[in-house]
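Asks: Okay, sequence plus prediction incoming.
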Amino acid sequence: MAYEEKSRTASWSGAEFLVSAGSKTRFVELADIAGQLILEELSDTLAGFRTLLGKQRWTARTGTILVAFRNAMDHLRPACPCGSAELRWALEHVAFHDLRRHLGEGAAAEVSNEARELLDEASAYALFSLTLLDVFGRGDFARRRDEAAARGPVGALELLGRARQELEVSPYSARHLIGSIRTAWRLPEGPTVGPSATIPAPRSADCPRHPRVSA
């Protein structure tokens, strides 16, 4: 599975994620810690998927898929933990990817099975990352964590680690598990920002809270 080439860890439980975040980031707020780490990881992973997708056969009508991935990656460079509407729009475009909706019936039929499988893997990983952002990247974490846990086993933080493992097995079973987690945390089940067939241009100016730091 292509995802295995991208994965740098076998599992992230909630505790492991937070400990890792605290050791890797220069931001002190939980939302910043989560946002920066998740977006950096997602950027690396999508770049790998785009390289693999670039080796597939594309046409003038289907090549817009590669353009969409490039545009999504532009929103992640440099990784900024601020949750702009444009960033979420780009992430949802990949996480809830639908070939027929994005390309139309005729063009979607031209996409090879191997390319479809890669797109499904990338989409499932993006949905997992979006879920991490929704869980850890928002305020009032303790209250939301307790409310999710009270809704049943799928609301436990440890399920995020299992979802990460499941991505290495199948994007389809992983997506099912991630969907259950999102339900327990009362997270959207589909796109919430902008027309799903397009990705907005990334912002040209630095974030005022997190400007780029020259090397």
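Replies: Nice, thanks for sending it over.
Asks: so what's the residue lying farthest from the centre of the chain closest to, chain neighbours aside?
Replies: With C-alpha atoms, centre = their mean as the measure, the chain has its most outlying C-alpha, relative to the mean C-alpha position, at residue 106: 27.5 Å. The shortest distance from residue 106 to any residue that is not its chain neighbour, by C-beta to C-beta, 6 or more residues apart in numbering, is 7.5 Å, and that residue is residue 61. C-beta coordinates here come from the backbone N, C-alpha and C atoms, glycine included.
Asks: got it, and residue 185?
Replies: Leaving aside its sequence neighbours, residue 185 sits nearest to residue 148 (C-beta to C-beta, 6+ apart; 4.6 Å).
Asks: can you give me the helices for the chain?
Replies: With helices called from DSSP state H, the chain shows them at 2-6, 14-24, 30-54, 64-74, 85-95, 99-103, 105-108, 113-136, 141-150, 158-166, 171-184.
Asks: what's the closest of those to residue 193?
Replies: Among the helices of the chain, helix 85-95 comes nearest to residue 193, with 4.4 Å by C-beta to C-beta.
Asks: I'd like the helices of the chain as TSV, with distance to residue 193 and mean pLDDT appended.
Replies: As requested, the helices of the chain are arranged in TSV below (distance: least, C-beta to C-beta, whole Å; pLDDT from 0 to 100):
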stretch	distance to residue 193	mean pLDDT
helix 2-6	25	50
helix 14-24	25	45
helix 30-54	16	84
helix 64-74	13	87
helix 85-95	4	86
helix 99-103	15	86
helix 105-108	23	90
helix 113-136	11	94
helix 141-150	20	90
helix 158-166	23	89
helix 171-184	16	96
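Asks: how about those helices, which one is nearest residue 191?
Replies: Going by C-beta to C-beta, the one of the helices of the chain nearest residue 191 is helix 85-95, 4.4 Å.
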